[in-house]
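A.B. asks: this is a predicted model, with the sequence first.
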Amino acid sequence: MNSNFQKKYGPWALVTGASDGIGRALAIEIAKVGLNLIIVGRNNERLEKLGSEIQKKFNVIVKIIAIDLAKNESNKALISQINQYEIGLFAAIAGFGTSGDFFKGKIQDELEMIDVNCRSVVEQTYYFANRFVTQKRGGIILMGSLVGFQGVPYSANYAATKAFIQNFAEGLHFELKQFGVDVLSSAPGPVQSGFGKRANLNMGNAASTEVVAEKTIQALGYMVTIRPGFLSKFLGWSLIILPRIMRIYIMRIIMGKMAK
Ligand SMILES: NC(=O)c1ccc[n+]([C@@H]2O[C@H](COP(=O)([O-])OP(=O)(O)OC[C@H]3O[C@@H](n4cnc5c(N)ncnc54)[C@H](OP(=O)(O)O)[C@@H]3O)[C@@H](O)[C@H]2O)c1
């Protein structure tokens, strides 16, 4: 797998949201297959620690970019720092959620979530889609979720951002395939990471970040959507056979129990 993967997606990969959780595990998984890495997040200290860990363990180079992707100007700043790298793989993992009654939350958090989960993903993907089409190869991994396949009470805006990403990934997959560019949506259920704390959710029976990362890398180039982990497969496939309205009712019960 390593040499094929390197040829298709190397020699550099960029992973946003790499300072923690799924992005961190994905960066390690990518380093395992021998790609150099540009890792992005806000927390410089955590990025530095991960960078030196990866460089010590695997024979790859790691560059760190600490940046707040909620800010509109950040995407231009990010792009200006990566133009000279021969990147073949882009993983947009940075993101966060909120929970509870939408009308009681802070509108600033909800708008920031749209900026990080959607706006910056679209801007970065536009840049990479152009580069990858020109070089006639590349991979784009976008972060969907189990909640992105129907409306979800008590996580209404977060679920909507993930529905956006799911639709975006599906459309792009078939647009870019003819140019040799692979697009994948990774849509897990609950995952044990920093996500639950920031979203104020009890994560319960959650998958590990390592499983999500491993299955996501294995699916790139073969699938449109991967549902990594047992729970996302079990819930995903049992929900999909139901009418959409039933799925919303069931998600309301699940999310009502998870929201603190
Ligand atoms: N955990 C789950 O149950 C689950 C399930 C399905 C999908 N997802 C999706 O998976 C992705 C990763 O989440 P996770 O579970 O790994 O959560 P996590 O452990 O909280 O990690 C989130 C990552 O996103 C980065 N990030 C957040 N806001 C950012 C900002 N404004 N600018 C730059 N980076 C930012 C964080 O970095 P800094 O803190 O350093 O900024 C961190 O590296 C998200 O898109 C999430 O929606 C998660």
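C.D. replies: That came in fine, so what should we check first?

A.B. asks: residues of the stretch 1-150 of the chain that sit close to the ligand?
C.D. replies: For the stretch 1-150 of the chain, the contact set with the ligand under C-beta under 6 Å from any ligand atom comprises 17-23, 41-43, 68-70, 93-97, 116, 143, 145. Yep, even glycine has a C-beta here, placed from its N, CA and C like the rest.

A.B. asks: buried members of those residues into PyMOL, please.
C.D. replies: Per 16 or more other C-beta atoms under 10 Å, the buried members of these correspond to this PyMOL selection:
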select buried, resi 17+18+19+20+21+22+23+41+42+69+70+93+94+95+96+97+116+143+145
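
A.B. asks: nearest residue to whatever residue of the stretch 51-200 of the chain ends up closest to the ligand other than its sequence neighbours?
C.D. replies: Nearest to the ligand in the stretch 51-200 of the chain, going by C-beta to the nearest ligand atom, is residue 95, at a distance of 2.3 Å. Counting by C-beta to C-beta, 6 or more residues apart in numbering, residue 95 lies nearest to residue 117, which is 4.5 Å off, once chain neighbours are set aside.

A.B. asks: distance check, that neighbour against residue 180.
C.D. replies: Separation of residue 117 from residue 180 (C-beta to C-beta, to the nearest Å) stands at 27 Å.

A.B. asks: neighbour count winner among the two?
C.D. replies: Neighbour tally, residue 117 and residue 180, criterion other C-beta atoms under 10 Å: the higher count belongs to residue 117, 25 against 13.

A.B. asks: contacts only, for that one.
C.D. replies: Residues near residue 117 by C-beta atoms under 8 Å, 6 or more residues apart in numbering: 95-96, 158, 161-162, 164-165.

A.B. asks: may I have the secondary structure class of residue 89?
C.D. replies: Here residue 89 is recorded as strand under DSSP: H, G, I helix; E, B strand; the rest coil.

A.B. asks: and it, what does it touch?
C.D. replies: Residue 89 touches 9-10, 12-14, 30, 35, 138-141, counting by C-beta under 8 Å, 6+ apart.

A.B. asks: of these, which belong to strands?
C.D. replies: 12-14, 138-141 (DSSP state E).

A.B. asks: I'd like those residues as JSON lines, with pLDDT and neighbour count appended.
C.D. replies: Below are the ones in strands among the contacts of residue 89 laid out as JSON lines (pLDDT from 0 to 100; neighbours: other C-beta atoms under 10 Å):
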{"residue": "12", "pLDDT": "98", "neighbour count": "20"}
{"residue": "13", "pLDDT": "98", "neighbour count": "27"}
{"residue": "14", "pLDDT": "98", "neighbour count": "26"}
{"residue": "138", "pLDDT": "98", "neighbour count": "23"}
{"residue": "139", "pLDDT": "98", "neighbour count": "22"}
{"residue": "140", "pLDDT": "99", "neighbour count": "25"}
{"residue": "141", "pLDDT": "99", "neighbour count": "25"}
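
A.B. asks: any low-confidence regions in the stretch 101-250 of the chain?
C.D. replies: Within the stretch 101-250 of the chain, not a single segment meets pLDDT under 70.

A.B. asks: for it, just list every one of the strands.
C.D. replies: Ranges of strands within the stretch 101-250 of the chain are 138-143, 181-186, 225-226, based on DSSP state E, counting those that start in this stretch.

A.B. asks: so how far is the first one from its chain's centroid?
C.D. replies: How far strand 138-143 lies from its chain's middle: 8 Å, per C-alpha atoms, centre = their mean, to the nearest Å.

A.B. asks: name every strand pairing with that strand and say which way it goes.
C.D. replies: As defined by DSSP bridges, the strand partners of strand 138-143 come to strand 87-92 (parallel), strand 181-186 (parallel).

A.B. asks: what sits up against that strand?
C.D. replies: 8-9, 17, 22, 26, 87-93, 95, 121, 125, 128-129, 131-132, 162, 165, 168-169, 172, 176, 180-186, 216, 220-221.
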